[in-house]
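[1] compute the structure for the input listed below.
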Amino acid sequence: MSSLPEPASWAAPLPDFSRAPINHRIRIGEHVFRVVISAVQRQVPFEPDTHLIQIGIFYGRQPLTALDLGLRSADACANVWAFLTNRLNETVVQFYTPRPRPTGELNPRLGCWGPRPDLIEGGQADSDCAIAVVLGLSIWLPGASPPVDDTVFLEALRDTLVECLGYWVVVAQKTAGPIDRNN
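    Residues are numbered from 1 along each chain as shown. Below you'll find the predicted structure:
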């Protein structure tokens, strides 16, 4: 996909979103985002009995970070990330009703690719503000009730992400002003 940075610059390869069933451009105020969500992956290497969904939000030609919207405070960035992760967890729980893992690990689990490489190189990767919105949602299935329609679930994830983007934009406008690096 031409809008992704060089794969070698990331610690782990970015997901391949070239065939993602959800690939939408969203405008919120003056900001244009691209929300991409993979299909539900059912054969996850090294994770039996697991469904995996990969998510990317792009702003300009890069994965979105809170810095892109002008957020600079570690507290503000932690706040918007907490809102995003809590809302994604709520959406997964609503559709899967997953049970906790026997080890006590959270279910679902949420992972991210970490700070964007250009921000690491620029010395700006010291807080949640530099973390790219490229995520993996892993749902352990024993005892869960997976949705009968993947499309409805993926659209609900998209709607949750749009809600979260709206929140990020409002927080940025209230705390940082109209700083906009990429659009």
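[2] report the helix or strand with the lowest average pLDDT across the chain.
    When the helices and strands of the chain are compared on mean pLDDT, DSSP states H and E, helix 117-121 comes out lowest with a mean of 88.
[3] what sits up against the following helix or strand past it?
    Sequence-wise, the next helix or strand downstream of helix 117-121 (DSSP states H and E) is strand 134-140. Under the criterion CB atoms under 8 Å, 6 or more residues apart in numbering, residues 14-15, 44, 47, 49-57, 63, 88, 92, 96, 98-99, 101, 107-113, 146, 157 lie in contact with strand 134-140. Glycine gets a C-beta too; all of them are placed from N, C-alpha and C.
[4] residues making contact with the least confident helix or strand of the chain?
    5, 9-10, 62, 65, 67, 125, 130.
[5] buried subset of those as a PyMOL selection?
    Those of the contacts of helix 117-121 that count as buried under 16 or more other CB atoms under 10 Å are selected in PyMOL with:
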select buried, resi 10+62+65+67+125+130
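[6] among the contacts of helix 117-121, which are in helices?
    Using DSSP state H, no member of those falls in helices.
[7] pLDDT for the contacts of helix 117-121 - can I get that in a markdown table?
    Listed next are those as a markdown table, based on pLDDT from 0 to 100:
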| residue | pLDDT |
| --- | --- |
| Pro5 | 45 |
| Ser9 | 71 |
| Trp10 | 74 |
| Gln62 | 93 |
| Thr65 | 97 |
| Leu67 | 95 |
| Ala125 | 80 |
| Ala130 | 94 |
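[8] give me the subset of the contacts of helix 117-121 lying in strands.
    Gln62 (DSSP state E).
[9] now, among the contacts of helix 117-121, which is nearest to Ala76?
    Comparing these against Ala76 with CB to CB places Leu67 closest, at 10.7 Å.
[10] can you tell me the closest non-neighbouring residue to the closest one?
    Cys129 (4.7 Å; CB to CB, 6 or more residues apart in numbering).
[11] so what's the one you found up against?
    Cys129 neighbours (CB under 8 Å, 6+ apart): 65-67, 71-74, 76-77.
[12] quick one on the thing from earlier: now, of the contacts of strand 134-140, which are buried?
    14-15, 50-57, 63, 88, 92, 96, 98, 107-110, 112-113, 157.
[13] just checking, which of those belong to helices?
    Per DSSP H, the buried ones among the contacts of strand 134-140 map to helices at 88, 92, 96, 157.
[14] what about the closest residue to the third one other than its chain neighbours, how many neighbours?
    Same thing as Tyr96. Among residues not flanking Tyr96 along the chain, Ala144 sits closest, at 4.7 Å (CB to CB, 6+ apart). Using other CB atoms under 10 Å, Ala144 is surrounded by 19 other residues.
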